[in-house]
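**Q** Predicted coordinates and the sequence they were generated for:
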Amino acid sequence: MWIVMMPASRPDASVWSGRRELAVVDAVAWPLFWVWLLRHVPAPVGLVGAVGNAIALLSAILRVQRAIWMNHRYWFTTWRWGKVAVAMMLMGWAMRLSLSA
């Protein structure tokens, strides 16, 4: 017997003025960052770089579409990974502080 349990879907995000514009910037910035990262790899990337750029472009198009037309379902990537980066920086700061004492 196979039991399939679906997770609960996330609730809609709150919509405020200016959210759509910031969502479009967020939707474009991350794929552009990946393209920039692929362009600055020191070794030749060949076909992997071309496919990576194509995937990033497709991702940007789909993310912008969601940011404009389904803004209540768009979740900011910068906010998600920004929290992780700040937590890692705080842990590093705490480790540095504990080792210097």
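**A** Arrived safely.
**Q** switch to C-alpha atoms for all contacts and neighbour counts from now on
**A** Noted.
**Q** neighbours of R19, just the number please.
**A** Number of residues near R19 (other C-alpha atoms under 10 Å) recorded here: 17.
**Q** got the contact list for the closest residue to it other than its chain neighbours?
**A** Leaving aside its sequence neighbours, R19 sits nearest to N71 (C-alpha to C-alpha, 6 or more residues apart in numbering; 7.9 Å). Contact partners of N71, counting by C-alpha atoms under 8 Å, 6 or more residues apart in numbering, are V15, R19, R20, A23.
**Q** Just the buried ones among these, please.
**A** Among the contacts of N71, those buried by neighbour count (16 or more other C-alpha atoms under 10 Å) are R19, R20, A23.
**Q** Excluding chain neighbours, what is closest to the residue nearest the centre of the chain?
**A** In the chain, the residue lying closest to the centroid (C-alpha atoms, centre = their mean) is T77, at 3.4 Å. Leaving aside its sequence neighbours, T77 sits nearest to D26 (C-alpha to C-alpha, 6+ apart; 6.9 Å).
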